[in-house]
Each structure stands twice: as C-alpha cells, then as structure tokens.
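Chemist: Here is a sequence together with a model predicted from it:
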There are 4 protein chains.
Amino acid sequence: MSTPTTADRSIDRRHALGFTPGLLAAAAAMDLPANAQPGAAAKTAVTPVARTVTDAECEQLFKQVSNWGVWGPNDQRGTLNHIGPQEITAAAATVKLGQTVSLSRNFPTRAGIDNTSPAAHFMTQTGDNPCTADGCVVMSGDFISINVHGMAASHMDALCHMFKYGKSYNGYPAAEVTSSGAPRNNIMTNAEGVVGRGVLLDPARARGIPYYEPHQLITVADLEAAEKAHKVTVGKGDLVMIRTGRDARAKAVPGQTELRLAGLDPQVVAWLHARKASVLGGDGVHDSFPFNQLNKSWPNPVHVCLLASAGMQLLDNLSLDPVAAKCAEANRWAFQLTLAPLRIERGTGSTLNPIAVF
Amino acid sequence: MSTPTTADRSIDRRHALGFTPGLLAAAAAMDLPANAQPGAAAKTAVTPVARTVTDAECEQLFKQVSNWGVWGPNDQRGTLNHIGPQEITAAAATVKLGQTVSLSRNFPTRAGIDNTSPAAHFMTQTGDNPCTADGCVVMSGDFISINVHGMAASHMDALCHMFKYGKSYNGYPAAEVTSSGAPRNNIMTNAEGVVGRGVLLDPARARGIPYYEPHQLITVADLEAAEKAHKVTVGKGDLVMIRTGRDARAKAVPGQTELRLAGLDPQVVAWLHARKASVLGGDGVHDSFPFNQLNKSWPNPVHVCLLASAGMQLLDNLSLDPVAAKCAEANRWAFQLTLAPLRIERGTGSTLNPIAVF
Amino acid sequence: MSTPTTADRSIDRRHALGFTPGLLAAAAAMDLPANAQPGAAAKTAVTPVARTVTDAECEQLFKQVSNWGVWGPNDQRGTLNHIGPQEITAAAATVKLGQTVSLSRNFPTRAGIDNTSPAAHFMTQTGDNPCTADGCVVMSGDFISINVHGMAASHMDALCHMFKYGKSYNGYPAAEVTSSGAPRNNIMTNAEGVVGRGVLLDPARARGIPYYEPHQLITVADLEAAEKAHKVTVGKGDLVMIRTGRDARAKAVPGQTELRLAGLDPQVVAWLHARKASVLGGDGVHDSFPFNQLNKSWPNPVHVCLLASAGMQLLDNLSLDPVAAKCAEANRWAFQLTLAPLRIERGTGSTLNPIAVF
Amino acid sequence: MSTPTTADRSIDRRHALGFTPGLLAAAAAMDLPANAQPGAAAKTAVTPVARTVTDAECEQLFKQVSNWGVWGPNDQRGTLNHIGPQEITAAAATVKLGQTVSLSRNFPTRAGIDNTSPAAHFMTQTGDNPCTADGCVVMSGDFISINVHGMAASHMDALCHMFKYGKSYNGYPAAEVTSSGAPRNNIMTNAEGVVGRGVLLDPARARGIPYYEPHQLITVADLEAAEKAHKVTVGKGDLVMIRTGRDARAKAVPGQTELRLAGLDPQVVAWLHARKASVLGGDGVHDSFPFNQLNKSWPNPVHVCLLASAGMQLLDNLSLDPVAAKCAEANRWAFQLTLAPLRIERGTGSTLNPIAVF
C-alpha cells in the first residue's frame, strides 16, 4: 500500500561496492587527531592525515603528472609505455632463487566490513553425479561471480575506471563508457600480460613500525627512506608495490566495525611520475579510506591523478605481507613480477593473481 | 494445470556446461569415416579417430601413469612436483626478446556452439554518475560471472575436477566434494602461481596441414615429429601446450552448428607421464569432443588419466595461434610461461590468462 | 600478440539477450512468402506478414494510442489506471471453480535457440552438510540469476523498457535510465501487484488451426472472431492474453535452428487502446520475430507503441497452452488474474508467475 | 608463500546466507534476561525466550504434527492439501474493497546486518544505445541474482529446505538433494500458484505493544488473544501470517550491529497443525534468531517441525506492516491471498511477492 519510492539509488549502489559518499561526509565529521603520534612509531614521526590538502594542490598535481599526448593522441597504454623489451629482459634476469610468491588475496566470498557485496562461488557439479547409460563422466565444477572493484578483492584498475573533468586518460570522454562497457582505456590494454621488475617498498618496516594507522599518510620521504633501507631504487618501468601493513593491522586490531585504511600522501603521485613507474600496487586502495578525509572535492586524488592524468594503472587490495617476508628473507626488494588480468573486452578492470618470481 | 515434472535434470545441467551425455550417444551413432583422409593432409597420414580403444587399454593407461603415493600419501601437487627452483630459474633464463604473448581467449560473454552458458559482464557504474553534495567520485565499474569449466573459457582444471573409481588424485574420495566445494586437490594448489618452461608443440605445422579435423587424433608419433621439426624436446617440469588448430579450423569452416573438436590419442597420456611434464594445455579439451567417440565407458580418457591418476593439471580452450605464430617467427618453441589462476578456496579450477615471455 | 580490439560490443550484447540487429537484416533479406497459405488454415485465410507497413502507419499509431498526460503529467501507471476497485471486485466475482492455472514457463536454465543466455540455478547447500559441534542446521538452499528480458523467460516489461523519440511513456527522458537503473516508469509501479479480469483470446482455435506460422500476423479481425467464438468481449481494465500457439508449434516442428515467432498486426495496438485494456500478454513477444520483418525503422511497433505511447505494460513469453485448455474445458475465456512481479527498485521488468483463478 | 589452507568453509558459507552456527554459540553464551519485562508491554506479560525447551519437547512436537503418509506415500503437497476448490472460492468471495496490498519487501540489493550477501541488480542496457544502420531498437534491460533463502529476502521455503533424521517431509532422503537440485518436495509443488484465505495475526497490536523484542516468544495464548481481538478464527486451509513487528522495531531501535529477531514458541507448531493451516508466513523467520537460543540440538524447531514433519511451507522475511495497517483500517483480518513463486525446477524455494486482495 505504501507508494514505491523512486529516490535515486546510485548512492546505495556505490555503497554496496565500497565507495560511499555517505561515509565521506561521516569521515569529514570524524574527530580525527590533528597530530596523532601512535606509541608504536616512537622511532620516527609519521605524517598525520590532517595536513592541509587544497583543491589547488590537487589540480596542480593533476597537471604536473599528465601524460596526455606524450605517446600520441591515440595512446591507451599510458605508463606501460615505460616497459619495453629491455625492461622485460632485465626483470627476468633478476630470477635467482626459483621461488614464486603470490601478491593476491583469496577470492573474497565472505562478507565483512571491507566486503559488503561478496564474490560468489557455487558448485555446479560435485562428486554425487552417478554414471548413466549414456556414459560415465563423473566430475566436479563451479561458478564464480565478482564485482571487479571494491575494497576486498585483489584487482587491477584499468585507465577508464576514473574520470576527471569528464574525461579519462588521454582525453577520452566519460560519456563513451556506457552500459555496453568502455570502448577505450579498458583492461584489454593488458591483454598480453604485464611483465617487469616489481619493487616492494615497506616504509613501515623501514621505520620500525608494524603498520601505518588509518589516519597516517605515507609520504615521499617515507618512500625514499624505504628505498635507502632496502637498497633499491625505483626506476623506469618498475611496478611499484607499497605496503601499508593493512593485513597486519587487521590482525592486531580485531573487532573493527568500520573500514578505515591508511593511504599515500598525494605528493607520492608526483614522485611516481618522476621515477617513470609503470604500475602502482598496494595492500589498501592508495588513497586513505574513507575517501575524502583530505579534501572534499578530491576524495581520492591518488586514484584520479594516476589513472586519469598520468595513465598509470593501479592494483588494489593486494596481499603484500607474504612478499614482504620473502624480500626480507632474501634481502632483496626487487623481483620479476607478472600481471595476468583476464581478457575482459570493454572491461574496467580485472581480478587477478600477481606472481612474483625471486 | 500441467503436473510439474520432477524428472532428473542433471543431464540438462551438464549439457549447459558443455558436457553432454546426450551428445555422447549421438556421437556414438555418427557415421564417422573409418579412414578419413582430408585433402589438406596429403603430406602425411593422420590417424583417424576410429581406431579401437578398449576398456582394457584405458584401464591399463590409468594404472601406468599413476602418481598416487609417489610424493607421499598427502600430496596434492601431483606433477607440479616436477617443477623446482632449478626449473623455474632455467625458464627465466630463456627470456631473450623481452616480449609477452597471452595464451588466453577473451572472456567468453557471447553465446555460441561452444558456449551455451555464456559468462556475464555487466557495468555497475558508468560515466553517467554526477558529483553529489557529498563528494565527487566519478568512476566506472563492472561485474563478471562465469562457469569455470566448459568448452569456451580458457581455464585450468584442478585435480579434483575428475573422479574415477570414486576417487580423485592420490585417492581422495569423490564424496568429499560437496556443495561447500572441494577440500583437497583444489585450485589452491596453484595459489602461488606456476612458473616454468612452456613448450608449444604444433604437429599440424610439422605435418604441413592447417589444423586437425575433429575425427583425427594427435598421436605420440605426431608429437615426436613436431619435436624434431621444432628442435625442442619435452622434459622434466615442462608445461606442454599442444595445438590442434581449433581456431584456424573455426575460421576456415564457418557456419558449424555442432561443436566437434580434435583430440589426443590416449597413448599421449603415457608419453607425457614418461617425459615428466608438469601441466598439459591445449586449444581444445585434449579429448576428442563430443566425448565418448573412442570408448563408451571412458568418454574422456585423457582428462581422467591425467587428472585423477597422474595428478597432472590441464589448461582447456587456450588460444594457441598467437603463441604459435610467435614461436615460428622467433624459431624457438620454448619460453617462460606463468600461470596465475585465481585463489578460489575449495575451487575446482579457475579462468586465467597464461602469459608466455620470449 | 594480437592487438585487442575495441570494436563496439553493443550489438553482440543485444544478441545475447535475443534482440539482434544482425538478425533483423537477415530477416529483411529472407524470401518470405508474400501470400503464404498454410495447408492447416484451409478454414479461413490468415493475413501474411508481407503486407505493407509504412513508417507513416507506425508514426500514426504512436500518436493515436498516446496516453501521455491523460492521467496527469506525473503519471507512471499508464493503462493500469483502467483498473480500479470495481474491476478488481468484479474479477474476484468470476471465481466459480476454485481452480488455479499458471501462465508462466519454467525458470529457463537450459540453453536453446530462444535462450542464448540461460538463467542460472545453483545449489548453495544440499543434504550433505553434517551437524557440527555448534548446532545441527541441516538444510538445502540455492541461488538463481536471470536476465529479466529476452525470448525465453516469462516476464513483465515495465514502461521504461522501450524508448521512442528519446522518451518513455509520458515523456520521461531515456537519458535518465542509467547504470543505476530507471528512476521512473519502472517495475515498482506494480509493487502492490496487479489483479483484474484476465481474458484469453485464442484466434488459432477460433480459426481451426493449431497455431500461427511465424510469417503470419494476428489481425484485429482475427481477435474479434475469437471474441465471438469465445463469447467474451474485451473491456475496460482487462488483462488481455493472446495465444499464437508458439509452444504447440515448437512441438509440431522440432529441430528448428533459428528463432522465428508469429506476432500481432500493428493495428491491434489501436484496438487494445480503444478497448481500454490494461495489460497485454502473449506466448511470444507480440511483435513478429525476428523483429523488423514489417518495417525497418520500426522493428517492433507493438512493443514501442504500447509501452512508450499508450503506457501499457507487456507480458512476454507466457505459457498459454494450459490456460487455453482450461478455458476450453470450462467454456469460459475470462478469469481472475494476478500479476505479482518482484519489487525490484529501479528495475525495467521482472520475471513472474501469473496465476489465473477460475 | 603461505600454504593455502583447506579448512572447511561450510561454516563461512552458511554465515553468508545468514544461518550461522558460529552465531548460535554466541547466542547461547548471551546473558539473556530470564524474565525480561519491556516497559512498553505493561498491558500484558509476554513470555520470555528463556523458558525451558527440551530435546524431548521438540521430538514430541515433531511426532505430533507429522503428516507423513496422511495424503499417501508419494505426497509432496503436505498441508496444501487443506486447500481445495471450496477454500479457493470462499477466499475470492471475501474480496469487497477491490484493493491490493503486497506482503513482500523490496528486492534486497543493499548490504546490512540481515543481508550479508546482497541480491544483485545490474543494467544490461540503458537509454544510451543509439539506433544503428540495421535498425532502431532502443531499450533498457537488467539482470538480477539472489540467494533464495537468507534473512533479508521475502521468500517461500519449499519442503526440501529442511531435513531431520536424514529426511524431508514424507520420508524422502536428504541425500537425494544434490548439486543438481531437489528431485522432490521442491518449489514446483506450487507451480500453479497458491490461492486461499490469508489471515493476519498481529499479537503485538492485540497486546498494545508496538513489536516483540528479540528475546520474547509469541505463544499460543498470544495468538488466540489476537484472534479474539481481530474477530477472526484460523481454520482449514488458511495461510496464516504472524506479525512480530520486526520492521517497526528496526525503525525504533536504529544502529543495531547484530541481527536478532523475535520468534514463535515451538508449541505454535502444534496449534497450526491442529487448525489445519496450509502455509505459515512471518516478518521474521518464525524461529528466534540467532537460532539455538532455545535448545542447542534443535536450533530452529519451528522450521524443522513444520517443513519436515507437517509438510507446511513457510514464507520468511515478509513485509507485514502495510497489510496490518490495511487490516486495521478495514477492520477485517482475512483476505484473499495469492502466492506466485517462480517455477524453478528442482528448486528449494523462491523469492516472491505475495498479494493480498481486500
């Protein structure tokens, strides 16, 4: 008898995928400590989130890191152009131990604060099918489904995932991404895989803390300190993986009822651009979460500046603790890294399992 | 008003996934040429499908290639045990050109004779979401779903995919694979990826024919002739990719209304076992399709003997024409190959995008 | 190695849902008999499809049946406005026998020429879950998924399903239907159900033929002949079900490899409008299929004129043979009919199971 | 590098569907008030949950309400047998006002404490598809998926949903429900719809409280007091809807972080059996939730006794506040009620939209 409402559901839908404007406002209203100094970080100061990030800074960054037109007016590869045969060959040459490590979480079928719309895994056949008169094919099989993006699945963001000023990387219009998918800047850019040198930066380890707190930002200084500690230097074509310690923190602080994630200081965008990195990966989503803690107009400046301006694809929600342990054990922070996203035509990204070889 | 029927649907369900007992009977009734000699194969004879394959031969093969207990009573890795640090390092050392090639088809969203239950790809957000008062996250996103197995998607079969005598590899009972998935022999065996030397065998090329016909079998002699022509020898730990020319044939013979695929002679199973191969990949499903053309009781002996007895995982429905072209161009038929299946707990397989590096 | 293509996929996507512009061209090229006279229809002539239907006729029909503004500028109920308390009460009063009949097909999980993207049904739990230390809830459960529209599932089209001149019924812009759904003219119009008098018209029965052929049109004369034969008159608020005999034909002509369906002459639109019908249902899709046999610019004029101009919702792919048999047995062609579509917010339609009570 | 775990996931999977053995233990450990007296219930005492319910009582109830064999050894209709032509005709005769009310919630796409695995709704086409040279079909469409059971969706439980002593209603073995579905006692029992007299019992209203608290049970005395207050008597074939006030409580007590629901005293099972009710519906899940608060061995005795022993199907998670308001307004608590579940072959239940007509 109640009149069906037709109120706009887009907010709720974004919520289901983990991007929640409603949360943004809530986060803005949170009483974030202006100069929080976590006890664990006695060794070195960690920049708090509450530094001033202005619209002007974000707009300047967006301009500064732009690669529009750099590889021609029709380019859709962006910073993958930094990887050529030489980089691929050099990456393979780093293999010494003959050991592999995955950088992916498990397929996220369980609901949780970071997974409000879980992936599905159903069996289509099990061991219960008997032989029949027509033959005896006894087998098991299954079905999976997943929202490609979100806050739980390890996935790759294609360049069409974010728009700014109505456009994606290299000026393609947002409006061309319709219900039939994205004709350009899609995940098919990576159809033949991406292979290169992976570099893991673990600034928490370098600073002697187990993980970053959600209200802390990883700065350029932090990353350069990590490079020094790790004896590695990020260079042209590198796939840069930055560990915030998300999973370690989840274990150390159980019972959380709201998702909050540490992120990168927006100036890291300029640093990655200057170093000619090819891909950025992380165990969070690069930007602090909930989005919008830094600046209301630019809720996720790292995402926007890298995808839409620099043309650098992102890997979200990786599992970086195992590879960090292997790097520490082997005392080397670079390795061959292979990204093999699914070949989803017109897709905005892909779940994937990045494989490091040492 | 009609009484709802409760007739067993399992046959129809298997049909939807491409494994069709109904077709098997039909195939058995087909008047297959006993000694078909395709015009294109004038150069060399190709073994027709209609050779006698008996229950006894299949049973003998199953025993002959068994690796049950070889790596201990709890082993779930099977022939992956043939790949160790030495094989991984050696595979990386083959990289010279710094070029990558995918062995995967595109994500199969389009219905067809090999795809009666297509994968889905839907947009969750597009370029049409405006900024709101709470923030300005303009993005696109999508959702995918897929039946892991079937006749269209490039995928990896975990060892629990097939049962014989009520068991999967190493004796684990079929009955433990229930609606909550497979506790053992599942795809998580490959959680850290599989990296090794890939070898492409293209017996059609070696014989001077464009592709095998569905009623033809690739024999051990064919494979050894290909080795000789390619100047490559399959050895311990190799991931062996065998091209039947399925895609080339689909282009050359358009308008087909029923799926028919060339396969391997069952004795190839013994040959792969003797060579200590780690994984078998193909552009078809290894067994002739429709299944059961060779022997009614053993509709797909290659699948059953390799998965359930040898513990060798399979890659089905690959796209091998591009990598074959690259091998021919580079005049080398071995390369580094990375398999990065999704980390689906208790899963029977995974869609994936195998990446070769030359 | 092959360059990933970015060709527009919208055509393929529509194909997967059974609406295939590609087929339209093919249909236009088919050598349709200009004056086909099926042997079975000796009793009376049946109008062939090949009559001239011009753009002008379709444009005129669209104007003629328009209900834009009739029930106010904000109306979203269209011809449901013809059903009021009086019609609902009168429909209940027709119940005499106390018998129910479904007008729905079974949930379409099996692939076929009319079902290229089958619905899914997977078990989430079966009888195999044992009790645990925490309790003993032994149960079975399942998961379903479906494309709401298409050529196989019994479903209801909401008014937003079709656009003409960039608008849906009552002038709402097509552009407001985005990836977050349809804010207006959606299936929630029927949130409280639709209950009224159902009338079945079976013109094939009236003419003494088992079914219409795909190249034949059901005309206004045919419907009025059926009214006379059935001793029933379509009036204000009726839910009109028109049987073409699709299922009977599918049984009589097995082995079809292409979907072809009989439809209504476009002038039936004007007749339904004049009679003040509330909903149109059928065992096909009302328009001849493949679409576009009549007129290239107006491939499916019945859909477009009724949904977008008259504001009359449609029921596609019903199962009408059981209710037709019941009507014949009871010798009455009107009954209470309940439509109970799912309450899908912002949805374009719903799968449903219409129930007739005699 | 971490060893993939193969730990049993069935617990997590059940969690995702809202049936959580883990929660059961937690609930058992909760310090439930033994004689809670909510302030709002000053008018009459409400039985607290903490009464002793023993295994013996549950076992006795299971025997007492058994309908196994009552309608023959092959019966699958259970208490639907109480509805015959007379009951259907009488129900239609109650229609006086010509008004309809839905008893269904909206399709549950939003995550929440009662919806950890939300249904999906995606657009397949929107208003953005332009005309092409082949034709001009501009339309919108969508896709839905849902777990049939759970704690959020309005749905019908078929008799195969629950097992006890290894069997479902009338003795069919649990083991016959496999990955290919349930061959008997499935939702197709209702293929032709269920139409009869619906009776709403609103004991909270009768007692002058807005809703029951989760630790309170609705008793037989409560129901009979409601019958008296409503001037209605439950009789043979009635579809009995019992309101706990779940939705009213959710509004009154916002910010809950754990799902807790009021339920029925197990003796209500015997009462429904004695009255010859045909179907039980509710706004919760009939049993208190988390399950197992009453008795560890019988976590949900109402479900088990009604489905598996009496053969009475259930409607879970209905929206009963609108129909309660209409009953109060019309001062009558009986109406014609139509259930039109989807015709899912071998299915364990169905989402649906029950429609009351006054």
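Modeler: Structure received.

Chemist: residues touching residue A:331, list them.
Modeler: Under the criterion of CB atoms under 8 Å, 6 or more residues apart in numbering or on different chains, residue A:331 has no neighbours. Heads up, the C-betas are built off the backbone N, CA and C, glycines and all.

Chemist: can you do 10 Å?
Modeler: By CB atoms under 10 Å, 6 or more residues apart in numbering or on different chains, the contact set of residue A:331 is A:230, A:231.

Chemist: and the gap between it and residue A:325?
Modeler: 12 Å (CB to CB, to the nearest Å).

Chemist: Report the next helix or strand after the helix-or-strand element of chain A with minimal mean pLDDT in sequence order.
Modeler: Least confident element among the helices and strands of chain A, by mean pLDDT, DSSP states H and E: helix A:21-29 (a mean of 30). Downstream of helix A:21-29, the first helix or strand assigned by DSSP states H and E is helix A:55-64.

Chemist: what sits up against that next one?
Modeler: Contact with helix A:55-64 is made by A:53-54, A:164-165, A:266-270, A:273-274, A:294-298, A:301-302, A:304-306, A:308-310, as judged by CB under 10 Å, 6+ apart.

Chemist: near chain D, which of those show up?
Modeler: For chain D, no contacts are drawn from the contacts of helix A:55-64 by CB under 10 Å from any CB of the partner chain.

Chemist: burial measure for the one residue in the stretch 201-350 of chain A that gets nearest to chain C, as a count.
Modeler: Per CB to the nearest CB, residue A:346 is where the stretch 201-350 of chain A lies closest to chain C, at 5.5 Å. Residues lying near residue A:346 (other CB atoms under 10 Å in any protein chain shown) number 29.

Chemist: so where's the stretch 51-200 of chain A shaky on pLDDT?
Modeler: Scanning the stretch 51-200 of chain A for pLDDT under 70 picks out the ranges A:129-137.

Chemist: tell me which parts of it are close to chain C?
Modeler: A:76, A:120-124, A:126-128, A:142-143, A:145, A:176-192.

Chemist: Swap in 6 Å and give it another go.
Modeler: A:122, A:143, A:179, A:180, A:183, A:184, A:188, A:191 (CB under 6 Å from any CB of the partner chain).

Chemist: Pull the distance from stretch A:319-339 to the chain's centre.
Modeler: Relative to the chain's own centre, stretch A:319-339 is displaced by 17 Å; criterion: CA atoms, centre = their mean, to the nearest Å.

Chemist: looking only at pLDDT, what's the mean for that stretch?
Modeler: Regarding stretch A:319-339, the rounded mean pLDDT is 98.

Chemist: what's the span of that stretch from first residue to last?
Modeler: One end of stretch A:319-339 to the other measures 14 Å (CA to CA, to the nearest Å).

Chemist: Phi, psi for residue A:112 please.
Modeler: Here the main-chain torsion angles of residue A:112 (degrees, to the nearest 10) amount to phi -180, psi -180.

Chemist: and the residue of the stretch 251-358 of chain A found nearest chain D, what element?
Modeler: Of all residues in the stretch 251-358 of chain A, residue A:322 sits closest to chain D, at 4.6 Å by CB to the nearest CB. Taking DSSP H and E as the criterion, residue A:322 maps to helix A:321-330.

Chemist: List the buried residues of that helix.
Modeler: A:321, A:322, A:323, A:324, A:326, A:327 (16 or more other CB atoms under 10 Å in any protein chain shown).

Chemist: and the gap between residue A:200 and residue A:283?
Modeler: 11 Å.

Chemist: just residue A:144 next, same as before
Modeler: Using CB to CB, residue A:144 is found at 23 Å from residue A:283.

Chemist: neighbour count winner among those two?
Modeler: residue A:283 (28 against 23).
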